[in-house]
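Asker: Everything below, folded, please.
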Amino acid sequence: MNIKPEIIKALRNARGWTQEQLGEAAKLDKTTISRIERGSHDDRRGSTAEKLSKAFGVDLKVLTGEAPIPEKRSMLFEKRSTMTLEVDDAARNALTLTAARYGVAQAQIVELAPFLFSWAAESSLKRRAEALTELAERTAAVDALQTRMPHTSSILGYSPLTEDLVAAEERSIRRRDLFASDMLEQDTSDILKADFEESEDGPIVTFLRDLAKDAPEALSFDDWSPRAAPNYKVSREQAIGLFGDDAEVVDAILDGLVSLAKLPADLRPKAMLKERQDWARHERQAYLERLDEEFRTLGIDLDQLVGVKTVEVAQ
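Answerer: Numbering: from 1, shown residues only. Next up, the predicted model:
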């Protein structure tokens, strides 16, 4: 099928898409989009044209020039912009793998993210509020029992410590303090547990960790500092599909040690599995060596550092 390069480019620009974004929407790689716009892509079977027509939402005849490009809808209803954000490589990889798993464009996941984040945040706050309500009910029940045991100590009842806990938690919820950071800043040493860590024990973290446990597919949510990217794992099957059942390579992809955004286009075909694996191993090793060098300048032995996502660093 004879696709008109200038029409593809015009439709892409009208939507404010980059070649990569069009590739995601049409399930084609950026190199193919580039060849189409240069007029050097042979689409004899018409499969590429069909994917593009679905991505643009136009008839096939529009792509061949047999029908005019539809007039652009009002910007009030179709207003798009390009985002420039720095994100953790693990999150960027997760975005790529998740889009592939469910057959949607990465942009659609990003567009849904504010809704899902708000849902998680509000659900976490609601769970805390419900726990406070239950605490009040159970404390009232203890107080009621206390009146039937007048000979016992009143320590069983509503203690000053409980009052402080409720006041601090209510204030934290009211301020939408997802990590309970506000409670750390207050004089709450008797309320928070001694080894409390925002990244491990923050209410939003425990909520998401419990949510991952209940998910039908194998997900995991490990930790999340309010000053760093969340640490979670999704779409392992897609990583295995790209790089084979090599646990070291797959973990490197999921942990962000290797960036899928840097994967050369010529290594993306299925037949290039071994070459992709070699590339990923090289990228992982290069990252570990850079990390090791940086830590050594600080006088830290990476091999002895607990929690670093590595197995071995070649000397």
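
Asker: From now on I want contacts and neighbour counts done on CA atoms only, so please keep to that.
Answerer: Noted.

Asker: Identify the residues contacting the lowest-mean-pLDDT helix or strand in the chain?
Answerer: Lowest by mean pLDDT, DSSP states H and E among the helices and strands of the chain is helix 181-185, with a mean of 81. For helix 181-185, the surrounding residues in contact (Cα atoms under 8 Å, 6 or more residues apart in numbering) are 168-169, 172, 192, 198, 202.

Asker: Now it: buried residues?
Answerer: Neighbour counts over helix 181-185 (16 or more other Cα atoms under 10 Å) mark 182-183 as buried.

Asker: tell me what the helix or strand just after it is packed against?
Answerer: Scanning forward in sequence from helix 181-185 by DSSP states H and E, the next helix or strand is helix 198-201. Counting contacts by 3 or more Cα pairs under 8 Å, 6 or more residues apart in numbering; DSSP states H and E, helix 198-201 is packed against strand 220-223.

Asker: what about 10 Å?
Answerer: helix 203-214, strand 220-223 (3 or more Cα pairs under 10 Å, 6 or more residues apart in numbering; DSSP states H and E).

Asker: what about the most far-flung residue of the chain relative to its centre, which SS state?
Answerer: With distances taken as Cα atoms, centre = their mean, the residue sitting farthest from the centre of the chain turns out to be residue 151, at 56.9 Å. Three-state call for residue 151 (DSSP: H, G, I helix; E, B strand; the rest coil): coil.

Asker: Next: residue 292.
Answerer: helix.

Asker: so how many other residues sit close to it?
Answerer: 19 (other Cα atoms under 10 Å).

Asker: Use 28 as the first number from now on
Answerer: Will do, 28 is the new start, and the previous item becomes residue 319.

Asker: The residue nearest to residue 206 when sequence neighbours are not counted and residue 275, how far apart?
Answerer: Using Cα to Cα, 6 or more residues apart in numbering and skipping residues adjacent in sequence, the residue nearest residue 206 is residue 229, 4.3 Å away. Residue 229 sits 30 Å away from residue 275, going by Cα to Cα, to the nearest Å.

Asker: higher neighbour count, the two?
Answerer: The residue with more neighbours, out of residue 229 and residue 275, is residue 229; 20 against 13, by other Cα under 10 Å.

Asker: Surely the more buried one touches residue 223?
Answerer: Yes: the criterion here is Cα atoms under 10 Å, and residue 229 meets it with residue 223 at 8.2 Å.

Asker: what do the two both touch?
Answerer: Common neighbours of residue 229 and residue 223, using Cα atoms under 10 Å, 6 or more residues apart in numbering, are residue 207.

Asker: which stretches of the stretch 78-227 of the chain form helices?
Answerer: Ranges of helices within the stretch 78-227 of the chain are 87-91, 116-129, 133-174, 187-201, 208-212, 225-228, based on DSSP state H, counting those that start in this stretch.

Asker: Can you tell me which helices and strands the longest one packs against?
Answerer: In this case it means helix 133-174. helix 46-53, helix 116-129, helix 187-201, helix 230-241.

Asker: tell me, what residue is most central in this protein?
Answerer: Short answer for the chain (Cα atoms, centre = their mean): residue 118, at 4.7 Å.

Asker: if I pick that residue, what's in contact with it?
Answerer: Applying Cα under 10 Å, 6+ apart, the residues contacting residue 118 are 124, 256-261, 281-283, 286.
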